[in-house]
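K.L.:
dropping the sequence and predicted coords here.
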Amino acid sequence: MNKRAAVLCGAVLVAAGTLTAVPAEANAPRAAEPAATTNLATKPAWKKCGTTDYPTLQCASLKVPLDHANPHGQKITLALSRVPHTAKRYQGPLLVNPGGPGGSGLTLAGFVASALPKSVAAQYDVIGFDPRGVGASKPALNCGPGHFDPARPDPRPATPAAETANLARAKSFAAACGKKYARVLPYLDTVSAAEDMDWIRRALGAERITYFGYSYGTYLGAVYARRHPERVRRAILDSVVDPTGVWYDSNLAQDHAFDDRHRAFMKWVAKHNATYRLGTDPARVEARWYAMRAALAGKPARGTVGAAELEDTFLPGGYYNGYWPHLAEAFAAYVNDKDPDPLVEAYEDFGAVDAADENGYSIYTAVQCRDAAWPRDWRQWSKDNWAVYAKAPFLTWNNAWYNAPCAFWPTDSLKPVNIANGHLPPVLLFQATHDAATPYQGAATVHRLLRRSSLVVEAGGGNHGITLSGNTCLDKHLAAYLTDGTVPRGSGGVDAVCKALPDPKPLTTRASGASRGATLHGLLGFRG
């Protein structure tokens with residue numbers, strides 16, 4: 001998991017009881033802030049925190065209300081980062097978010113500032129932040145240390161024992177969150193995170209902000225814009241969440257899309273049979289992959305990579321095809337040479353979980369389980385997921401168990417935000433046609449709901465997170481928009497089309513440096 005996050009729900013409330021809070025009306029635009037609260041967001045004290053890659057990065061912290069309905073009450077701390085502007089022409093703060101929920105945005109500020117054309121980045125203070133509960137923000141959640149320790153039960157509940165084991169894990173995780181974080185769980189949701197963004201705006205002394213969000217960050221940005229339309233100067237939404245499916249239905253839709261991407265990977269492996277020796281027929285290659293899965297379910301590689309960990313390892317290939325050569329090498333070594341070591345190494349690179357991932361997963365579940373209603377009857381989950389599995393077996397049950405704590409979550413749920421908005425400047429949307437994590441329909445829906453928005457499509461692309469990843473056509477639209485607000489205007493529901501980058505080639509050397517796309521996808525993570 002090292003760079004990841006997904007969704008699902010069920011039957012019994014945890015013993016800790018249901019935690020409740022009365023949220024502000026999620027769909028209502030906010031009135032101008034009362035004079036009594038305008039000065040509560042104190043100016044950040046920036047300090048140098050540069051790295052080798054991002055030497056001009058600065059860091060600070062900001063206290064915000066745990067409960068925005070009580071701005072004078074208990075405070076929590078957000079961690080901020082900044083790459084300051086250097087040009088004479090200053091266009092204000094550019095807030096960036098990598099998605100999740102649960103993704104840390106501190107390093108993303110450095111990446112965005114370095115990946116944009118210098119003349120464009122120089123006009124903005126690029127601002128990163130760890131949302132409430134995430135990373136360097138305080139408190140930072142970790143509900144279940146060791147929850148993903150290998151080898152986990154087989155995700156496919158083919159026996160009552162397998163289902164019981166996975167249900168026990170989901171229930172215990174939800175119960176642990178309720179026990180450890182009862183005070184804060186009712187305030188971990190997208191609406192609260194959007195209100196935090198407005199405290200950041202005020203602390204920066206900005207009348208309006210420009211926003212740039214990937215993946216879940218597109219939903220966060222749309223919610224902010226719904227609540228504070230007068231505070232949005234520009235907004236870029238890349239790989240767009242369908243706001244009408246949050247979150248249970250969206251994850252079932254993901255399962256079909258990820259199965260398609262996995263089969264695209266099988267086709268790529270077959271195309272390069274001269275390298276991988278797994279067959280020229282994609283169906284045959286896919287059968288060998290599932291045979292590998294069955295073998296690992298019975299005997300995990302080095303006691304570590306079982307069926308669940310195998311799926312975790314290959315999931316990133318559905319987000320970014322730059323990982324395909326590495327995954328194909330591990331696949332071929334296990335099948336052809338009976339060598340499990342490359343597979344274990346790939347798991348450690350792409351699938352294994354560290355403390356930062358545990359924090360990200362804790363926030364992921366806390367926000368998504370709170371944001372919207374999930375089925376509380378596990379029989380509904382079982383029925384829905386077996387139906388999807390029949391057509392899309394690759395990720396369905398892995399994804400189901402990843403989200404299953406929402407079936408037992410110890411808070412009540414909010415209503416999804418209606419993000420429809422006719423009060424914004426033009427918003428720029430980017431979407432690949434074959435994106436699995438946020439399928440194309442989400443972008444089409446948001447394009448319709450945000451009046452005057454402009455949709456740029458990467459035709460034939462399957463990656464998730466497509467700007468600043470090497471496609472110069474996409475990046476030209478991004479740079480023009482950030483420079484002077486220019487957006488393309490087309491017809492037929494799409495405003496501009498860019499050709500997808502070609503699929504990768506097999507590795508020719510182990511020493512090649514990371515591409516910009518790989519760097520970005522390491523920051524965006526998986527399942528978010």
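P.N.:
Yep, that arrived.
K.L.:
show me where the stretch 201-350 of the chain has its helices.
P.N.:
With helices called from DSSP state H, counting those that start in this stretch, the stretch 201-350 of the chain shows them at 216-227, 248-271, 273-276, 282-298, 307-314, 316-319, 324-337, 341-346.
K.L.:
how about Ala87, secondary structure?
P.N.:
Here Ala87 is coil, with the state taken from DSSP: H, G, I helix; E, B strand; the rest coil.
K.L.:
spit out the contact partners of the spatially closest residue to it that is not a sequence neighbour.
P.N.:
Distances taken as Cβ to Cβ, 6 or more residues apart in numbering place Ala122 nearest to Ala87, at 3.8 Å, with adjacent residues excluded. (Glycine included, C-beta is placed from N, CA and C.) Listed by Cβ atoms under 8 Å, 6 or more residues apart in numbering, the contact set of Ala122 reads His85, Thr86, Ala87.
K.L.:
nearest residue to Leu62 other than its sequence neighbours?
P.N.:
Leu78 (4.9 Å).
K.L.:
equivalent analysis for Asp198, please.
P.N.:
Excluding its sequence neighbours, the residue lying closest to Asp198 (Cβ to Cβ, 6+ apart) is His228, at 5.6 Å.
K.L.:
phi and psi next, for the one you found.
P.N.:
Per-residue torsions, His228: phi -140, psi 60 (degrees, to the nearest 10).
K.L.:
now do the strands in this structure.
P.N.:
Remark: strands assigned in the chain by DSSP state E are 47-48, 58-65, 75-83, 93-97, 125-130, 209-214, 232-238, 428-432, 454-459, 496-499.
K.L.:
any idea how far the last one is from the chain center?
P.N.:
Just to be clear, that refers to strand 496-499. Distance, stretch centre to chain centre, for strand 496-499: 24 Å (Cα atoms, centre = their mean, to the nearest Å).
K.L.:
who does it pair up with?
P.N.:
Sheet pairing of strand 496-499 (DSSP bridges) gives strand 454-459 (parallel).
K.L.:
which parts of the partner strand are buried?
P.N.:
Residues of strand 454-459 classed as buried by neighbour count (16 or more other Cβ atoms under 10 Å): Ser454, Leu455, Val456, Val457, Glu458.
K.L.:
in CSV, list those residues along with pLDDT and distance to Glu309.
P.N.:
Shown next, in CSV, are the buried residues of strand 454-459 (pLDDT from 0 to 100; distance: Cβ to Cβ, whole Å):
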residue, pLDDT, distance to Glu309
Ser454, 98, 41
Leu455, 98, 37
Val456, 98, 37
Val457, 98, 35
Glu458, 98, 31
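K.L.:
please report how far Ala366 lies from Asp196.
P.N.:
Computed with Cβ to Cβ, to the nearest Å, the distance linking Ala366 and Asp196 is 14 Å.
K.L.:
between these two, who's got more neighbours?
P.N.:
More neighbours surround Ala366 than the other of Ala366 and Asp196, with 28 against 23 (other Cβ atoms under 10 Å).
K.L.:
burial check on the spatially closest residue to that one that is not a sequence neighbour, number of neighbours?
P.N.:
Spatial nearest neighbour of Ala366, chain neighbours left out: Leu188 (4.1 Å); criterion: Cβ to Cβ, 6+ apart. For Leu188, the number of neighbouring residues by other Cβ under 10 Å comes to 27.
K.L.:
same thing with the one 3 residues further on?
P.N.:
Other residues near Val191 number 25, with proximity taken as other Cβ under 10 Å.
K.L.:
follow-up on the earlier one: out of the strands of the chain, nearest to Ala308?
P.N.:
Nearest to Ala308 among those is strand 209-214; the distance by Cβ to Cβ comes to 26.3 Å.
K.L.:
off-centre distance for the closest one?
P.N.:
With Cα atoms, centre = their mean, you get 15 Å for strand 209-214.
K.L.:
that one packs against which elements?
P.N.:
With contacts taken as 3 or more Cβ pairs under 8 Å, 6 or more residues apart in numbering; DSSP states H and E, strand 209-214 sits against strand 93-97, helix 190-203, helix 216-227, strand 232-238.
K.L.:
in its sheet, which strands sit next to the first one, and in what direction?
P.N.:
In other words, strand 93-97. strand 125-130 (parallel), strand 209-214 (parallel).
K.L.:
who touches the residue nearest to Tyr290 when sequence neighbours are not counted in this structure?
P.N.:
Among residues not flanking Tyr290 along the chain, Pro393 sits closest, at 7.7 Å (Cβ to Cβ, 6+ apart). When contacts are counted by Cβ under 8 Å, 6+ apart, Pro393 touches Arg156, Asp259, Tyr290.
K.L.:
would you reformat the helices of the stretch 201-350 of the chain as TSV and include distance to Ala151 and mean neighbour count?
P.N.:
Listed next are the helices of the stretch 201-350 of the chain as TSV, based on distance: least, Cβ to Cβ, whole Å; neighbours: other Cβ atoms under 10 Å:
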stretch	distance to Ala151	mean neighbour count
helix 216-227	29	28
helix 248-271	21	21
helix 273-276	25	15
helix 282-298	8	16
helix 307-314	6	26
helix 316-319	19	27
helix 324-337	15	20
helix 341-346	11	20
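K.L.:
quick one: which of those helices is nearest Thr433?
P.N.:
The closest of those to Thr433 is helix 248-271. By Cβ to Cβ, the value is 10.9 Å.
K.L.:
and that closest one, C-alpha only, in CSV?
P.N.:
Taking C-alpha atoms only, helix 248-271 is exported to CSV below (Å, rounded to 0.1, in the frame of the first residue of the first chain):
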residue,chain,number,x,y,z
TYR,A,248,-20.6,3.0,-1.8
ASP,A,249,-21.8,3.1,-5.5
SER,A,250,-18.5,4.7,-6.6
ASN,A,251,-16.5,1.8,-5.3
LEU,A,252,-18.7,-0.8,-7.0
ALA,A,253,-18.2,1.2,-10.3
GLN,A,254,-14.4,1.2,-9.6
ASP,A,255,-14.4,-2.6,-9.5
HIS,A,256,-15.5,-2.9,-13.1
ALA,A,257,-13.1,-0.2,-14.2
PHE,A,258,-10.1,-1.8,-12.5
ASP,A,259,-10.9,-5.1,-14.0
ASP,A,260,-10.8,-3.5,-17.4
ARG,A,261,-7.4,-1.9,-16.6
HIS,A,262,-6.0,-5.2,-15.3
ARG,A,263,-7.0,-6.9,-18.6
ALA,A,264,-5.3,-4.0,-20.4
PHE,A,265,-2.2,-4.9,-18.5
MET,A,266,-2.6,-8.6,-19.4
LYS,A,267,-2.9,-7.6,-23.1
TRP,A,268,0.3,-5.5,-22.7
VAL,A,269,2.2,-8.5,-21.2
ALA,A,270,1.0,-10.7,-24.1
LYS,A,271,2.2,-8.1,-26.6
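K.L.:
what about it, average pLDDT?
P.N.:
Averaging pLDDT along helix 248-271 yields 98.
K.L.:
for it, packing partners?
P.N.:
Using 3+ Cβ pairs under 8 Å, 6+ apart, helix 248-271 is in contact with helix 282-298, helix 316-319, helix 324-337, helix 378-389, helix 396-403.
K.L.:
report the angle between it and helix 216-227.
P.N.:
For helix 248-271 against helix 216-227, the angle by axes from the mean of the first three to the mean of the last three Cα atoms, to 10 degrees is 150 degrees.
K.L.:
quick one: helix 248-271 to chain centroid distance?
P.N.:
Centre-to-centre, helix 248-271 and its host chain are 17 Å apart (Cα atoms, centre = their mean).
K.L.:
angle of that helix against helix 307-314?
P.N.:
70 degrees.
K.L.:
returning to what we had before: what is the nearest of the buried residues of strand 454-459 to Tyr361?
P.N.:
Proximity of the buried residues of strand 454-459 to Tyr361 (Cβ to Cβ) peaks at Glu458, which lies at 28.8 Å.
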